[in-house]
Every structure is written in C-alpha cells, then in structure tokens.
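1. I'll drop the sequence and a predicted model, then ask my questions.
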Amino acid sequence: MQISSWLLIALMALKYTILEESGYNLSIQYFIAVFIFGLFTTHTYKLIVDKYKLDDASVQVFLLFPLVGNVILGFLFFILDIIFTSNEVLKSDYNSFGDYFSLFIDDIWVTTPWFFFFHILRYVAQKQTMNEKMISMEKMLIKSELDALKTQLHPHFFFNALNSIKALMIIDHHEAREAVDQLSDLLRLSLNIGESQTVRVEEELKLTKAYLFLEKIRFDKRLMYYFDIDEKLSNKMIIPISLSTLIENAIKHGIAKLKNGGEVKVRIFEEDENLMMQVINTGKLVKQDDTKRQDGGGIGLVNLKKRLELQYTGEASLKIEEIEDKVVSTIIIPLARTW
C-alpha cells in the first residue's frame, strides 16, 4: 500500500512543484527523492504507531497524532523542495514569508492523502480483526457449551439397559448375551455420534433402534414400536442424540407410567421445507416443571431445547403436544440447515 500511495503522491508533487522550468533530469531526481523520502518517513511513522499502540489511545491523541505527523512531514518536504530549487528561482519567486508559507501549505496538502487513507484503512482492518475474533470466540463458546450438554446425555442411555440385562441373566442367558452385544453397539454408536456436532439421520436411527431393542427386553409386551421413515432424508445432517432423547422421554414419562404399556411411533418426514422428526407415544403430556424435576435439573428435553437453539441459532424448534391420548414430540429443522 505504501509503495503505490507514494508513487501517486510523487506524481502529485511533480505537478505542484516549482521545477517546471528545470531540466528533465532534475524532475526525475525530484520524483525519486519524494518517493524514497516519503516511503522511509511514513514507514517510520507506522512503526511508531505500532509501538505505542495509538489505536488504543484516547480520541484526542488519536486525532492529534496524525495531524502533528502530517505537519512534520509537510515541513520535511518543504525543506526538500527548497533543496531542489535553484537560488535564481528562490530569489525571483519567493520574496516574503508568505511565499514560503504558501509552499509549506502546498506540501502539507500533498502528504495529507497518505495520512487520511493510512488511518482509515488501519481502522477498517482493526475493526474486521475484532469482528473475526468475536465470531471465533462465539463459535468456541457455542461448541464448548454443546459439548458440555452432550456429555450429560450419555448415562441416560445405559442405566435402564443395564437393569434389563441384570434381570435377563436370571431368565435367559442366551438372550442376555444378545442384549450385551446390543448394549456394546449402543455404547459404540453413542460415543462416535457424541464426538460430532452433526450426524446423518441414518446414524441417529441406528442409535435409536439399538436403544428401543434394549427397552423392549425390559417392557416386553408393554412396549410396541414402529418406524415411518422417508428414506430420502437419511443423509440429512442433524444434531446427535436428538431423536434418541425424544424416545427416552416417551418411554420414561409415557410407557413406563402405564400399567398396560403402549406404543411408540417414530416418524421422519419433510414438511414445508423443514425436516420433521416426530415421536408419538401413548400417554399424557407431563408438565415442563415435572419433566425438569424428574430429569435431574434440566437434562433431557430442556437440554435438547438448548442444543437446538445453540446449533441452529433459533431457527430450529421442539414442539410437544397432546393429541387424542397421544403425546407428540416434534423436532423441526429447516432443510437448508441440514446439509
């Protein structure tokens, strides 16, 4: 930037200089002198600004420093003009203080554009850097909060499964071994999924099916489950352990509370340019305060709502309603955010 700006300023100086009647060689020497001298002095000015961090100084200092610097640089160029001007021209054209002062003002106007653009560009660059740092910090904060929320979810997938396997060991050793294999797959899937900020729908479904398989052992005929999945959405990206959280909530607050149990239906479909993940279970809608208390202070649906808000900056939502003795839980994510 300094090289290009001083090439332009040197050309401007030639236009306003007093060397019109001088030879071509002298004009070239003057042009080179302005360019080199200007480049050296303004680079020195930049080093001073960087050293004393004038961008962080008070408004008065910030405004005063380039003004003083411009006057000093203008004076140095005034001296340079005098050096390159012959005695005959000085005697004939500069007979009073006013004539010299006018030349001094002309030199200040020549150097003013550099100071103006230098500080404008510096301010813009600093502002952009600060914005990038703020965005980076916000992303890091969101990621750390998401990671913290996800780490709270893992235990909820295993407690009931372990109890089921414990009971099954007494009844059927072969089926108990199968259940251990399923639990191993569940653990592997949940750990792999938990390491990512987003996962494919089909990966989340694998986790959900493994979880339901283990819960089926515990509830036996009291739990029936079905899937209605639009296969075109299998590769869409969603937040991990989201559908699984709805399933866990449906069983914990729905099926488990009913003497005869009930059914759970999982639907994934597209509607109004949104990806809809829906869990429909037999039961009554539990009040939010009760859900918070039973989930141990916010883990579960409250946790899921926070994750959706953080990941999709308010564009996704979780809706829970009761329709004809069924609890319908729906995660709504814009398809534009599922790539």
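-> Yes, it's here.
2. for this structure, what helix or strand is lowest in average pLDDT?
-> Every helix and strand in the chain was compared by mean pLDDT, DSSP states H and E; the lowest is helix 288-294, with a mean of 47.
3. Buried residues in stretch 313-329, which are they?
-> Neighbour-count burial for stretch 313-329, counted by 16 or more other C-beta atoms under 10 Å, picks out Ala316, Leu318, Ile320, Lys326, Val327, Val328, Ser329. All C-beta spots, glycine's among them, are computed from the backbone N, C-alpha and C.
4. hmm, who's touching the helix or strand that contains the last one?
-> What that stands for is Ser329. Taking DSSP states H and E as the criterion, Ser329 maps to strand 326-334. The contact list for strand 326-334 (C-beta atoms under 8 Å, 6 or more residues apart in numbering) reads 238, 242-243, 246, 249-250, 253-254, 273-285, 301, 304, 308, 312, 315-322.
5. one more time with 6 Å, if that's ok
-> The contact list for strand 326-334, computed with C-beta atoms under 6 Å, 6 or more residues apart in numbering, reads 242, 246, 254, 274-281, 283, 285, 315-321.
6. Filter those down to just the ones in strands.
-> The members of the contacts of strand 326-334 that map onto strands under DSSP state E are 274-281, 317-321.
7. Mind putting the residues you listed into TSV with distance to Glu231 and pLDDT?
-> TSV is the format used below for those (distance: C-beta to C-beta, whole Å; pLDDT from 0 to 100):
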residue	distance to Glu231	pLDDT
Asn274	18	96
Leu275	13	97
Met276	15	97
Met277	14	97
Gln278	16	97
Val279	18	96
Ile280	20	96
Asn281	23	96
Ser317	24	94
Leu318	24	94
Lys319	24	94
Ile320	26	93
Glu321	27	93
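8. Can you name the two of the residues you listed that sit furthest apart?
-> Pairwise distances across the ones in strands among the contacts of strand 326-334 peak at 21.5 Å for Asn274 and Asn281 (criterion: C-beta to C-beta).
9. Compare these two (neighbour count), which wins?
-> Asn281 (24 against 19; other C-beta atoms under 10 Å).
10. Let me see the ranges of the helices in the stretch 101-250 of the chain.
-> 159-171, 173-194, 201-219, 243-253 (DSSP state H, counting those that start in this stretch).
11. highest average neighbour count across those helices?
-> The highest average neighbour count among those, using mean count of other C-beta atoms under 10 Å, belongs to helix 243-253 at a mean of 24.
12. other SSEs contacting that one?
-> helix 201-219, strand 274-282 (3 or more C-beta pairs under 6 Å, 6 or more residues apart in numbering; DSSP states H and E).
13. swap the cut-off to 8 Å and go again
-> Applying 3 or more C-beta pairs under 8 Å, 6 or more residues apart in numbering; DSSP states H and E, we find helix 243-253 packed against helix 201-219, strand 262-271, strand 274-282, helix 288-294, helix 301-312, strand 326-334.
14. List of residues touching the second one?
-> Defining contact as C-beta under 8 Å, 6+ apart, one finds that strand 262-271 is touched by 201, 205, 208, 212, 222-230, 232-233, 243, 247, 250-251, 254-255, 275-283, 335.
15. low-confidence ranges in the stretch 51-200 of the chain?
-> Applying pLDDT under 70 to the stretch 51-200 of the chain flags residues 52-63, 86, 88-91, 136-157, 160, 190-191, 193-195.
16. All the strands of it, in order from the start?
-> Assigned by DSSP state E, counting those that start in this stretch, the stretch 51-200 of the chain shows strands spanning 199-200.
17. pLDDT on the strand holding Ser329, on average?
-> Mean pLDDT, strand 326-334: 95.
18. and the angle for that strand with strand 274-282?
-> Between strand 326-334 and strand 274-282, the angle comes out at 170 degrees (axes from the mean of the first three to the mean of the last three C-alpha atoms, to 10 degrees).
19. Can you give the distance of strand 326-334 from its chain's centre?
-> Mean C-alpha position of strand 326-334 versus that of the full chain (C-alpha atoms, centre = their mean, to the nearest Å) differs by 27 Å.
20. Just the C-alphas of it, formatted as CSV.
-> Written as CSV, here are the backbone C-alpha positions of strand 326-334 (Å, rounded to 0.1, in the frame of the first residue of the first chain):
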residue,chain,number,x,y,z
LYS,A,326,-51.0,-39.5,22.5
VAL,A,327,-48.0,-37.3,23.2
VAL,A,328,-46.5,-35.9,20.0
SER,A,329,-42.9,-34.6,20.3
THR,A,330,-41.6,-32.9,17.1
ILE,A,331,-38.2,-31.5,16.2
ILE,A,332,-38.4,-29.1,13.4
ILE,A,333,-35.2,-28.2,11.5
PRO,A,334,-35.1,-26.1,8.3
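21. and the chain, what are its domains?
-> 2-141, 152-337 (automatic domain parsing).
22. Pick the most deeply packed of those.
-> Of the domains of the chain, domain 152-337 is the most buried (mean count of other C-beta under 10 Å), at a mean of 17.
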